[in-house]
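**Student:** A structural model of the following input is requested.
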Amino acid sequence: MKRFQLAFLFLIFLPTLASAQLFKESAEPDSNQSVVYIGSYDWGACVEKFVVNVGHQISPQLIRAKDFEISRVLYPKNAGIGVTKGSLSVTDAFCSDSMGRQIPSPSNFITIITDVHPKAEHSNPFVSITLGSFRSYYGYKIENDKLDISVKNIKAFVSKNVSKFKIQTFSCIVPASDEEKENPKYKEENLTISYASYIPNTSDSESQKIPLILWFHGLKEGGSNIYDVLMGVKANALADEQIQSYFKDGVAILAPQSKSSWLESNEKGIGGVRYWTPVDKNAPVDKIKKPLEKFLSKILVTEDKPKKEKIPFAAESFYTEPIKALLDEFIAEHPNIDTKRIYVGGCSAGGYMTMNMLIKYPEVFAAAFPICEYYLDSKITDGQIKELAKKPLWFTYALNDGTVNSQKNSIATIERLKAAGAEKLHVSEFRNVVDKSGLYLLDRSASPKDESYGLPYEYDGHESWIYLFNDQCMDGETKLFSWLSEQKNP
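**Tutor:** Numbering: from 1, shown residues only. Purely as a prediction, here's the structure:
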């Protein structure tokens, strides 16, 4: 390829990128532009294809996939050059119309198909670097020396499913603790939360009440790119027909994004830095203290006085009240939301936030469905367990989860809920997480004589949310979303 090389880095002039962070339902590239099609898959966002307008007609007989190279380019926000960060694997190329449909005649438009697979290299369009000096998405340079093609300008990113969602922000003042208010140097903290929302097209009047799902993303989807929330774990599938069809008039979706993590607690340490909730500094003491208190209560006569439960250290999320304020405002702006049918769910850190919100506001939610949840069972008090046991709950997890210990989180809490008499409890327990579509194999190059031949791709055991978004969570003959659609507060 014809380009300038310096210290193994390729510097490319910054292209024009109109509406790059607004996913379109469809778009047509102008001359010397491309449209990038992004799909949302079990493993995250993945580039599927490019539709390129080369500015002049090309014969179909001249197009060969192996002649194209697509470089992925990382651009600083305020610089005129970018650095290539790998290339995409091209699997097919052909003449097409402006929307990517193949045609047998010469055309200005060429569609280039790229590799779609959990192991496809450089296929994620979002930048994982957390430094704010870089754009949150990659640019792409498409080259074909034999056809004298070089296109770096992107007209738009297209994702029909993601384009259904409306992107907005919510601002509020974070409540201060009594201790903070006493500090003369204390200043109020302003917080702005980005969120994506979806309202079914069928619900266009206040008289047509619809339920709402409040969805909480995992740890990796926090930050400043709201599209990570929708595509990082295929949460946009909540708005797809397969899941929407369980609800008579559809279900609204509200998916906020944390700037740091839902795990950031109200408790502060040195320098005012907040603790994250997995910390359990009281656990070693409680292992000795609780059995001793139980033993002494049996042998000592004490006055029967009700005791107020002490909330464990760093148990409540810093985002608790801001999210409740966002939920209240969203409901006020959408009077057709049925306040008796508000559901809450989330995965990993979002599973923690699901439990957190249900513990804090049990009267608000008709049901909850935490997945591989990160709420330590040791931080849920006996009183909270008694209240949770009254609520419809559906837990999902994989036994080989190496990120969140299911035994110390979901399983331990489920056993306590059962002991507390929970009658509305469902569980989807999986041994591991594998592809069930038949589309993605563990070893694509395996031959029939290989042991791995035909085996499905296996994901990290933490990613049990894959079963949720593919509507594969069941308890006996009951399916999660069918069950969810039936839950309603008195």
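**Student:** quick one: Gly383 is in a helix?
**Tutor:** Yes: under DSSP: H, G, I helix; E, B strand; the rest coil, Gly383 sits within a helix.
**Student:** Report the contact partners of it.
**Tutor:** Gly383 makes contacts with Glu309, as judged by Cβ atoms under 8 Å, 6 or more residues apart in numbering. In this view, the C-beta of every residue, glycine as well, is placed from N, C-alpha and C.
**Student:** in the longest strand seen in the chain, what's buried?
**Tutor:** Using DSSP state E, we find that the single longest strand of the chain is strand 44-58. For strand 44-58, burial by neighbour count (16 or more other Cβ atoms under 10 Å) applies to Gly44, Ala45, Cys46, Val47, Glu48, Lys49, Phe50, Val51, Val52, Asn53, Val54, Ile58.
**Student:** can I assume the fifth one is in contact with Tyr41?
**Tutor:** What that stands for is Glu48. No: the criterion here is Cβ atoms under 8 Å, and Glu48 misses it with Tyr41 at 9.3 Å.
**Student:** Am I right that Lys340 sits in a strand?
**Tutor:** Yes: judged by three-state DSSP, Lys340 forms part of a strand.
**Student:** I figured it was touching Val364, is that so?
**Tutor:** No: if you go by Cβ under 8 Å, Lys340 and Val364 don't touch, sitting 10.1 Å apart.
**Student:** what helices or strands is the longest strand of the chain leaning on?
**Tutor:** On a contact count with 3 or more Cβ pairs under 8 Å, 6 or more residues apart in numbering; DSSP states H and E, strand 44-58 meets strand 33-41, strand 107-114, strand 139-144, strand 149-151, helix 226-231.
**Student:** hmm, try it at 6 Å
**Tutor:** Where contact means 3 or more Cβ pairs under 6 Å, 6 or more residues apart in numbering; DSSP states H and E, strand 44-58 is packed against strand 33-41, strand 107-114.
**Student:** out of those strands, nearest to Ala446?
**Tutor:** Ala446 sits nearest to strand 33-41 of all the helices and strands packed on strand 44-58, at 21.2 Å, using Cβ to Cβ.
**Student:** Extract the CA atoms of the closest one and return them as CSV.
**Tutor:** Taking Å, rounded to 0.1, in the frame of the first residue of the first chain, the C-alpha atoms of strand 33-41 are listed here in CSV:
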residue,chain,number,x,y,z
GLN,A,33,-16.9,8.2,1.2
SER,A,34,-17.8,5.0,3.0
VAL,A,35,-20.7,3.9,5.3
VAL,A,36,-19.6,1.5,8.1
TYR,A,37,-22.2,-1.1,9.1
ILE,A,38,-21.8,-2.2,12.7
GLY,A,39,-23.6,-5.2,14.2
SER,A,40,-24.2,-6.0,17.9
TYR,A,41,-23.2,-9.5,18.8
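**Student:** Give me the angle between it and strand 44-58.
**Tutor:** Calculated by axes from the mean of the first three to the mean of the last three Cα atoms, to 10 degrees, strand 33-41 forms an angle of 150 degrees with strand 44-58.
**Student:** In its sheet, which strands sit next to strand 33-41, and in what direction?
**Tutor:** Here strand 33-41 is paired, per DSSP bridges, with strand 44-58 (antiparallel), strand 153-158 (parallel).
**Student:** can you give me the strands in the stretch 201-350 of the chain?
**Tutor:** 210-216, 252-256, 264-268, 274-276, 337-347 (DSSP state E, counting those that start in this stretch).
**Student:** er, the stretch 351-490 of the chain actually
**Tutor:** In the stretch 351-490 of the chain, the strands defined using DSSP E, counting those that start in this stretch lie at 367-371, 393-398, 425-430, 433-434, 458-459, 474-475, 478-479.
**Student:** Tell me which of the ones you listed lies nearest to Ser71.
**Tutor:** The closest of the strands of the stretch 351-490 of the chain to Ser71 is strand 458-459. By Cβ to Cβ, the value is 28.2 Å.
**Student:** Check which helices and strands the closest one is in contact with.
**Tutor:** Taking 3+ Cβ pairs under 6 Å, 6+ apart as the contact cut, strand 458-459 packs with no helix or strand.
**Student:** The chain should start at 19 in everything you say after this.
**Tutor:** Shifting the count to begin at 19 puts that one at strand 476-477.
**Student:** quick one: strands adjacent to it?
**Tutor:** When pairing is defined by DSSP bridges, strand 476-477 lines up against strand 451-452 (antiparallel).
**Student:** Show the average pLDDT along the strand it pairs with.
**Tutor:** Across strand 451-452, the average pLDDT comes to 98.
**Student:** repeat for stretch 414-426
**Tutor:** Averaging pLDDT along stretch 414-426 yields 96.
**Student:** OK, contacts around Ser107?
**Tutor:** Asp133 (Cβ atoms under 6 Å, 6 or more residues apart in numbering).
**Student:** Got the confidence number for it?
**Tutor:** Ser107 carries a pLDDT score of 98 in this model.
**Student:** same question, Lys205
**Tutor:** With respect to pLDDT, Lys205 has a value of 72.
**Student:** coming back round to it: including distance to Ala350 and pLDDT, could the buried residues of strand 62-76 go into CSV?
**Tutor:** Output for the buried residues of strand 62-76, formatted as CSV (distance: Cβ to Cβ, whole Å; pLDDT from 0 to 100):
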residue, distance to Ala350, pLDDT
Gly62, 34, 96
Ala63, 32, 96
Cys64, 37, 97
Val65, 39, 98
Glu66, 39, 98
Lys67, 41, 98
Phe68, 42, 98
Val69, 42, 98
Val70, 46, 98
Asn71, 45, 98
Val72, 50, 97
Ile76, 54, 97
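**Student:** Just name the closest of these to Ala332, please.
**Tutor:** For the buried residues of strand 62-76, the nearest to Ala332 is Gly62 (29.7 Å; Cβ to Cβ).
**Student:** Leaving out chain neighbours, which residue sits closest to the closest one?
**Tutor:** Nearest residue to Gly62, sequence neighbours excluded (Cβ to Cβ, 6 or more residues apart in numbering): Gly250, at 5.4 Å.
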